[in-house]
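Enquirer: Next one to model:
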Amino acid sequence: MTEIKLLFAATGIALLVLIISNVLVMIYVGYFKLSEIELHLENCYLLHNCPQKGRSGFWARRYRLNLITALLRKRPSRLLLDNPSSLEDVRSLPLDLRRWVEIPYRLNAFSLLGILALYGWAEYLGLFE
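Expert: You can find the predicted model right below:
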C-alpha cells in the first residue's frame with residue numbers, strides 16, 4: 001500500500017506542477033503577448049467593446065484572454081458569425097500567437113480531468129480514510 005500512496009503523491013505533485021506552470025504561462029501571455037494578439041484581432045467587436053478594454057490589471061487581461069480563447073474555438077460562435085471581418089481576423093491570426101492562447105488553456109482543462117481522475121482513484125483505493 002505504501003507504493004500506491006507514493007505513486008498517488010507523485011501523480012498529484014506532477015499535476016500540481018503542470019497547473020502552476022500553465023498558470024504562469026497564461027500570466028506571461030496576458031502581460032506580454034496580449035497586445036500583439038489584440039492587434040491581429042482589430043476588427044473583432046467583442047474585444048474592442050468589452051467592459052475591460054483599456055484596463056491593464058490582471059483580471060482585465062484574463063477576461064480578454066478568455067474572450068480570445070472563446071473566439072479561437074474550432075466552431076465559430078454566433079457572435080463571431082455576425083461579424084464577418086472578425087471571422088477573417090480570427091482565421092488570419094498567426095499560428096504562433098494562436099498556440100500561445102490555446103495550448104495552456106487546453107492543458108489546464110486536461111489537468112482538471114487528471115485531478116478528477118486522481119480523486120476517483122483515491123476514493124476507489126480508500127486513500128482518504
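
Enquirer: What residues of stretch 24-37 count as buried?
Expert: Val25, Met26, Val29, Gly30, Lys33, Leu34, Ile37 (16 or more other C-beta atoms under 10 Å). C-beta here means a position set from N, CA and C on the backbone, and glycine is covered the same way.

Enquirer: In helices only, show me these.
Expert: With helices defined by DSSP state H, the entries of the buried residues of stretch 24-37 inside them are Val25, Met26, Leu34, Ile37.

Enquirer: The residue nearest to Phe128 when sequence neighbours are not counted: neighbour count?
Expert: Nearest non-adjacent residue to Phe128, counting by C-beta to C-beta, 6 or more residues apart in numbering: Ala122, 5.7 Å away. Using other C-beta atoms under 10 Å, Ala122 has 17 other residues around it.

Enquirer: What residues sit buried inside the helix or strand hosting Asn108?
Expert: Assigned by DSSP states H and E, Asn108 falls within helix 95-125. Across helix 95-125, burial judged by 16+ other C-beta under 10 Å covers Leu97, Trp100, Val101, Glu102, Pro104, Tyr105, Leu107, Asn108, Ser111, Gly114, Leu118, Ala122.

Enquirer: Which one of those residues is nearest to Phe8?
Expert: The shortest approach to Phe8 among these belongs to Ala122, at 6.2 Å (C-beta to C-beta).

Enquirer: unless I'm mixing things up, Leu71 is touching Leu41, no?
Expert: Yes - in terms of C-beta atoms under 8 Å, Leu71 counts as a neighbour of Leu41; the distance is 7.2 Å.

Enquirer: Can you check which residues contact both of the two?
Expert: Common neighbours of Leu71 and Leu41 (criterion: C-beta atoms under 8 Å, 6 or more residues apart in numbering): Leu47, Ser86, Val90.

Enquirer: for the one helix or strand the last one maps to, packing partners?
Expert: When elements are defined using DSSP H and E, Val90 is found to belong to helix 84-91. Contacting helix 84-91 under the criterion 3 or more C-beta pairs under 8 Å, 6 or more residues apart in numbering; DSSP states H and E are the following elements: helix 78-81.
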